[in-house]
Each structure stands twice: as structure tokens, then as C-alpha cells.
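[1] make a model of this:
(2 chains)
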There are 2 protein chains.
Amino acid sequence: MKNEELISRLHDDNIDSMFVYKPENIKYISDFYPTSFAYLIVQDEPILYVNSIDKEDAQELSQVETRDIVKLSEVKDELSGSIAVENSLDFQFTKFLTDDLNNIQTSTVLEDLRKTKTKDEITKIKNSIGIAENAIGEIDFTSTEKYAAATLEFDMTINGSIKPAFDTIVASGKRSSSPHSVTSMNGVETPIVVDWGAKYDHYCSDITRTFIDSERQQEIWNIVLEAQRAAINTIAPGVEISDVDKAARDVITEYGYGEYFIHSTGHGFGLDIHEDPNVSQNSEGVLEENMVITAEPGIYIPGEFGVRIEDDILVKRNPEVLTSLDKQLDFLL
Amino acid sequence: MKNEELISRLHDDNIDSMFVYKPENIKYISDFYPTSFAYLIVQDEPILYVNSIDKEDAQELSQVETRDIVKLSEVKDELSGSIAVENSLDFQFTKFLTDDLNNIQTSTVLEDLRKTKTKDEITKIKNSIGIAENAIGEIDFTSTEKYAAATLEFDMTINGSIKPAFDTIVASGKRSSSPHSVTSMNGVETPIVVDWGAKYDHYCSDITRTFIDSERQQEIWNIVLEAQRAAINTIAPGVEISDVDKAARDVITEYGYGEYFIHSTGHGFGLDIHEDPNVSQNSEGVLEENMVITAEPGIYIPGEFGVRIEDDILVKRNPEVLTSLDKQLDFLL
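    Residues are numbered from 1 along each chain as shown, chains lettered A, B, ... in the order given. This is a model prediction of the structure:
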């Protein structure tokens, strides 16, 4: 009904297809709220394109056809007729300021500058990490995943976090096999992946620990830890960023789990939880002194469980691991 | 230092001024994080333009000159030379999809559709309101504002809220005189403005109550309540939206507090906390059946305190006030 109305209004406006990528608009049309970049093309048969991270959930929940995300150039080639994009403040603002949009300059100078952190910024990130690390001691696993997340967030808030740096993930049992699992009202099972961060004066922290309790889980956990150590050991100014990803990926691949490491090894963060540089196979460029990045390899075995270990590293000649939490915290179980 | 580097890099790129409006970028440059729409122009002497709601805090905290926000057309006229805007995904995405940006269609059809809610959406909003209303009984005012906010958010989370619909406001004592006061680590004083909401399946709720404990506060509170009732009484399909604002504003003005009602009377909400229609003096158009809007007049006496009362209303021939919480909850103090 809702979508028929939408399509009929687009026809009235002589629009053949419309691109939508704000998560709220995607939810409105498909009833699925993406946790990662996704886009939806509204046409006579709307199609939702999602990242591998969202695939399982989207297939279950989306009311419109779901496909694997493809490069924009491939989608563009498929389209004909009159295309529209959803309205955005950014676009309207830009349009207003410049008479000729094709000649507009968009400058990435701020993203470039923000890649490396000042002393003051590093101090704030350290404070943010401190708040997050202290809070894990207060987590309560005796009820639902949501309850566990709430106990953690409560402790961060009362100790000076403005708000969580992102939606806290408590993904337990089979739900841990998705890296972006939505924290549920189900009771906590094992293993438990907890991915959390604080915001101190708007600066983020980002940590993951996996609480394990079987030999099989320990085996996977050991591989992930080895991969993370390999990645951290490569970190230094001047190193190709893709080599950091490769170091972790090679370890996991050697053990035969390469296909289950379905995201990149890390990312920069600061005022935003995701900043440049992204640390992936395809990353270009080299690490620079005073970048702050995560190192967070993971193995996600479909239908079984997942393991991820994430720490925050300051790039220096002698890289500084800013997180100081034990890797294994299973005594909290 | 940081800003000198920024300006020098813009010079290198032959950019005379750069427009910035992402709050994280504004924080990076000015050290002030705006709570409302603001923009900053980076030039040899950067200038931050903020809303009246942010003015006091910005003047105290911003490291760059702060001015009252003006219409973009006025700023534009002042600028000469080569202008750039900060990079945004929206803009890049749009640019990629369309060969000729000047001919691009941006469609507001989704915003238009989302203004009126479906039955299913109304149910979700009601659930979100229920979670928020129940939580206020659990608020703990015995420690800091942050602690009070954390107790409220904890209860919403364990009862099924994905996350707070927006940063919970607990603004007490003198801090209540700013409508967007940032919840502090100071101890709770009186009066206490609490503005909070849940997210149920991504649908928001939005409620404010003010806890008062003096005759002077009661006097102001009575005026705000009368203004809110006047606004709610005008709500019906076909009514000019600006008349809803006028109804509340007239009451407050009659009592001599017009200049202290420094925001609009309400706004639509749903998947986003701010959706069309905005309910202000300048709003155009009429209310439609199944819009869901807030009614939230307030009086903010600088240096003294502020009072706001906010409820959520479903527009119907007989408008339905979806919130059922008592207006006065001072027994919780």
C-alpha cells in the first residue's frame, strides 16, 4: 500500500527510478533498517542492495527484493529514464551556495587533517577509552542481551560519556555469527561478542571482547588473537595500510577461515566512529604518525558463532596500544 | 595551530572560504559542538553562526568568533572568491549518479509521504511512547543530571527501546533556562526539565516534563500549560499549522513572556525525531489527518530557569493525545 502510493507519486512526477540511501527512508520502504551502507532503488519493483554484513537479516526482514550490494557504476548502467535522488540538506545547501553545481569544489581538507590527531585529541580519546574499559567490569550477563548492554551503557554514562559512541553490540550464541548483530531481547548465551565505546567530549572509543566457554570457541579465539597481534605488529608510520589488513587476513586464511573474515581489519576514529583511514585490503596510502585506528579481525562461522577482538592503536614509531584491557575477560561470565 | 594548518591548506588549494556544517567538523574547528543547525565559514578569520538556542554556550566555548545565524542568502552575498563546501557522501553520491548536476531532480516525495503515518506506524509510535512514559517513574534525581538521565535511559533500554530517540535532556536549576541544555555532571537542582524519548523498532517518542518546587516556578508552569492546552485545542485536519504555534505563542505573550518563548511550538516525528511538519510561526500548509506532532511550548528566563511541557498528538477530527502521563509529576522529586 505505502509503496504503491510512493511509486504512483513518482510516476506523477515523471520519475522512473529514485535512489534512496538514508537508513530511515530504507526502513520506511522495506521495513529493514540497515546497519551498514545500503541503498534502495524505488521503481516498479523496488530493490534493496545491502552489504554482506546485513544480508541475512535483510533477507529475513525486508519487504522488498534484496540483493548483494554492487558498485554504483553497475547499478547506474542498468538504469534508464528519469532518475531522482532523495532530498538531503547537504545537497540543498550546496545547491544554494553555488550557482553552478558542476563547478563546485568539495574539499576533503578536513577529513585529511582529521586523520592525524593532535595531542589534545589523543588525550580525549584516551579518556574515552578509560570510561569504556572501566564499564565492562559492570556488565551483567544474567538476563537479556539488551539488559547486558544497558548495564554497560549506564556505567559509561554516569562516568562522563555523553552517549555510546555507537549502538552497543551484545551478540551471543548463534547471533554472534553476524558482525553487526542487533542486540536482542533474548537471554544471553555463549559465546558473547561485546562491541562498545564511549564518547568523551565527543571523542569516541571502540573496543570488542569475546567471552568464550568451549574448546571450539577457544580455538577460534586463539586464531583471531594471533591475527590481531600480526596486524598490530605491522603498524608504524610509512607502512602501507593494506599491509595491516593483509597481516591479519593471512593468519586467518592460513588456518582455513579466510572466507569467514567478512569485514576489514580496522578503521580510524575520533569525533566520528568511522574516519579515515579505512584499514582494508583495498586501502591506498600509508600510515602516518598520530593516526588512531582500530585493529579488529574476526571469524564468523554461519549458523555457529563469531569471535572478534578489537583494540585501539596510536600510530607511532613504537605504536601505542591505547586500550589496556585484558584480551580474555571470561571471569566476568 | 590546527586552524592555521587548515587555512593554509585551503590557500594551497586556492579556496578563499569553506562552508562547514557537520557538527563534528564544527567541533573540530571551534571546539563547540552545536545542538541545533549551525554553520561555520572557514576563512582567514573563521566565523561560527549559531541558533539562539546555542548562543550562550557557543559564546562561552567556541574558539572562533560566534555570530547569530543569518539567512544563507545574506552570508552568500558577503562572500567572494572561490568557495568550497565540506565533502559529503550525499553530494558525492548524487554527483556520481548524474552526469549533469544542475539538471538533477531531488524528490521530496518520501518526506511528503512520511508526514502522515500509517496504522502500523502509529502503533509503533504508541509503543515507543509507552516505553518512555513508564521509564520516568524510575528516574533518580538524588545525584547528577547525567545520573538521572542514565537511570531513565536504562529503564527504556531494558524495556525494548533500541536507544534514546535523542540525547536525553536533564536540565536543572539555572541550566534549565536553555532549551537545549547539555545534561551535566552537576548535581540536580530545581526546577528540572526532563526531555526524553525512546525508539521502538526505530520509531521515536518525545516527551518533556518540568519538575517545579516554588511558587514562582508554579506561576510560569501554569502559563506554559495554558499555552500548550491552547495549542492542542487548535489541532485538527485542515487547520493552518502556523495557527497552532500562534495559539501557544499568544497565551505566553499575553502574560508578558513572549520574548522568552524562543523556539517553535512543535514538530512532526516518526522514524526521525524531527520530521515535517515543523510547527512554527512561519510554517506553511495545513495539518492533515494522521500527522503525529509534538506540542511543546516553553518559557526560558535567562539567568533564572526554564519550563517546558511536551506531549505527542495524533491529528484526527478528534485529535488524540498519545501521551497519557500526568503533566505534574513533582511527587517524583
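[2] stretch A:44-64: end-to-end distance?
    11 Å (C-alpha to C-alpha, to the nearest Å).
[3] ditto for stretch A:106-117
    22 Å.
[4] and that stretch, which residues are buried?
    Across stretch A:106-117, burial judged by 16 or more other C-beta atoms under 10 Å in any protein chain shown covers A:107, A:109-110, A:113-117. Quick note: C-beta positions are derived from backbone N, CA and C, even for glycine.
[5] pLDDT averaged over that stretch, what's the number?
    Computed over stretch A:106-117, the mean pLDDT rounds to 90.
[6] for chain A, which helix is longest?
    Of all the segments of type helix in chain A, defined by DSSP state H, the longest one is helix A:215-234.
[7] could you list every helix and strand in contact with that helix?
    strand A:207-211, helix A:241-254, strand A:292-295, strand A:298-301, strand A:305-308, strand A:311-314 (3 or more C-beta pairs under 8 Å, 6 or more residues apart in numbering or on different chains; DSSP states H and E).
[8] mean neighbour count and distance to chain B added to these, as CSV?
    Converted to CSV, the helices and strands packed on helix A:215-234 look like this (neighbours: other C-beta atoms under 10 Å in any protein chain shown; distance: least, C-beta to the nearest C-beta, whole Å):
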stretch, mean neighbour count, distance to chain B
strand A:207-211, 25, 18
helix A:241-254, 21, 19
strand A:292-295, 27, 14
strand A:298-301, 23, 22
strand A:305-308, 26, 21
strand A:311-314, 22, 18
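[9] I'd like these as TSV, with mean pLDDT and distance to B:Thr265 appended.
    As requested, the helices and strands packed on helix A:215-234 are exported to TSV (pLDDT from 0 to 100; distance: least, C-beta to C-beta, whole Å):
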stretch	mean pLDDT	distance to B:Thr265
strand A:207-211	98	43
helix A:241-254	98	51
strand A:292-295	98	43
strand A:298-301	97	48
strand A:305-308	98	47
strand A:311-314	98	44
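[10] of the ones you listed, which is nearest B:Gly266?
    B:Gly266 sits nearest to strand A:207-211 of all these, at 39.6 Å, using C-beta to C-beta.
[11] next, the angle helix A:215-234 makes with that closest one.
    Going by axes from the mean of the first three to the mean of the last three C-alpha atoms, to 10 degrees, strand A:207-211 is angled at 150 degrees with respect to helix A:215-234.
[12] can you list contacts of stretch A:122-136?
    With C-beta atoms under 8 Å, 6 or more residues apart in numbering or on different chains as the contact definition, stretch A:122-136 has outside contacts at A:117, A:152-153, A:155-156, A:159-161, A:165, A:194, A:196-205, A:207, A:209, A:269-270, A:290, A:292, A:312, A:314, A:322-325, A:329, A:332.
[13] please pick the buried ones from the residues you listed.
    The neighbour count (16+ other C-beta under 10 Å) marks A:117, A:152-153, A:155-156, A:159-161, A:165, A:194, A:196-205, A:207, A:209, A:269-270, A:290, A:292, A:312, A:314, A:322-323, A:329 as buried among those.
[14] what sits closest to A:Glu145 if chain neighbours are left out?
    Computed as C-beta to C-beta, 6 or more residues apart in numbering or on different chains, the closest residue to A:Glu145 that is not its neighbour in sequence is A:Val170, at 4.1 Å.
[15] quick check: that neighbour is in a strand.
    Yes - assigned with DSSP: H, G, I helix; E, B strand; the rest coil, A:Val170 falls within a strand.
[16] and it, how many neighbours?
    Around A:Val170 there are 28 other residues, counting by other C-beta atoms under 10 Å in any protein chain shown.
[17] still on that earlier bit, between all of the buried residues of stretch A:106-117, which two are separated the most?
    Taking C-beta to C-beta, the two most distant members of the buried residues of stretch A:106-117 are A:Ser107 and A:Lys117; they sit 20.0 Å apart.
[18] ok, the residue in the stretch 201-333 of chain A positioned nearest to chain B - contacts?
    Using C-beta to the nearest C-beta, the closest approach of the stretch 201-333 of chain A to chain B is made by A:Leu271 at 4.0 Å. The contact partners of A:Leu271, by C-beta under 8 Å, 6+ apart, come to A:114, A:202-204, B:24, B:27-28.
[19] out of these, the closest to B:Arg67 would be?
    Closest to B:Arg67 out of these is B:Lys27 (17.6 Å), distances taken as C-beta to C-beta.
[20] how much space separates that closest one from B:Tyr21?
    Per C-beta to C-beta, to the nearest Å, B:Lys27 is found 12 Å from B:Tyr21.
[21] and the gap between A:Glu145 and A:Lys174?
    From A:Glu145 to A:Lys174 the distance is 12 Å (C-beta to C-beta).
[22] sorry, wrong one. I was asking about A:Ile220.
    In terms of C-beta to C-beta, A:Ile220 sits 14 Å off from A:Lys174.
[23] now do the strands in the stretch 1-150 of chain A.
    For the stretch 1-150 of chain A, applying DSSP state E, counting those that start in this stretch gives strands covering A:17-20, A:38-42, A:47-50, A:65-68, A:83-86, A:105-107.
[24] dump these to a markdown table, plus distance to A:Pro302.
    What follows is the strands of the stretch 1-150 of chain A, written out as a markdown table (distance: least, C-beta to C-beta, whole Å):
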| stretch | distance to A:Pro302 |
| --- | --- |
| strand A:17-20 | 29 |
| strand A:38-42 | 20 |
| strand A:47-50 | 16 |
| strand A:65-68 | 15 |
| strand A:83-86 | 33 |
| strand A:105-107 | 40 |
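[25] hmm, back to that, could you list which of the buried ones among the contacts of stretch A:122-136 belong to strands?
    Residues of the buried ones among the contacts of stretch A:122-136 located in strands (DSSP state E): A:194, A:196, A:199-200, A:203-204, A:207, A:209, A:292, A:312, A:314.
[26] need the max-distance pair from the residues you listed.
    Pairwise over those, using C-beta to C-beta, the maximum falls at A:Val194 and A:Leu314, 22.7 Å.
[27] so A:Val239 sits right up against A:Val286, yeah?
    Yes - the pair formed by A:Val239 and A:Val286 meets the contact definition of C-beta atoms under 8 Å, at 6.0 Å.
[28] hang on, the earlier thing: just how off-centre is the longest helix of chain A within its chain?
    Its chain's C-alpha centre and that of helix A:215-234 lie 20 Å apart, by C-alpha atoms, centre = their mean, to the nearest Å.
[29] and stretch A:23-37, by the same measure?
    Centroid separation between stretch A:23-37 and its chain, computed with C-alpha atoms, centre = their mean, is 16 Å.
[30] over to stretch A:112-126?
    With C-alpha atoms, centre = their mean, you get 20 Å for stretch A:112-126.
[31] ends of that stretch, how far apart?
    End-to-end distance of stretch A:112-126 (C-alpha to C-alpha): 21 Å.
[32] before we move on, what about stretch A:251-265?
    First residue to last in stretch A:251-265 (C-alpha to C-alpha) measures 12 Å.
[33] the nearest residue to A:Glu65 once chain neighbours are set aside bridge partners, please.
    Nearest residue to A:Glu65, sequence neighbours excluded (C-beta to C-beta, 6+ apart): A:Ile47, at 5.0 Å. With DSSP bridges as the criterion, A:Ile47 is bridged to A:Ile41, A:Glu65.
[34] any idea how many residues pack against A:Ile47?
    Neighbours of A:Ile47 (other C-beta under 10 Å): 18.
[35] which ones are touching it?
    Shown in contact with A:Ile47 (C-beta under 8 Å, 6+ apart): A:40-41, A:64-67.
[36] tell me the pLDDT at the residue nearest to A:Gly81 when sequence neighbours are not counted?
    Nearest non-adjacent residue to A:Gly81, counting by C-beta to C-beta, 6+ apart: A:Asp16, 3.2 Å away. The score at A:Asp16 is 88. That number is its pLDDT.
[37] just A:Asp90 next, same as before
    69.
[38] same check on A:Asn102?
    59.
[39] where do the helices sit along the stretch 51-200 of chain A?
    Counting by DSSP state H, counting those that start in this stretch, one finds helices in the stretch 51-200 of chain A at the ranges A:52-61, A:72-78, A:89-97, A:109-115, A:119-136, A:145-158.
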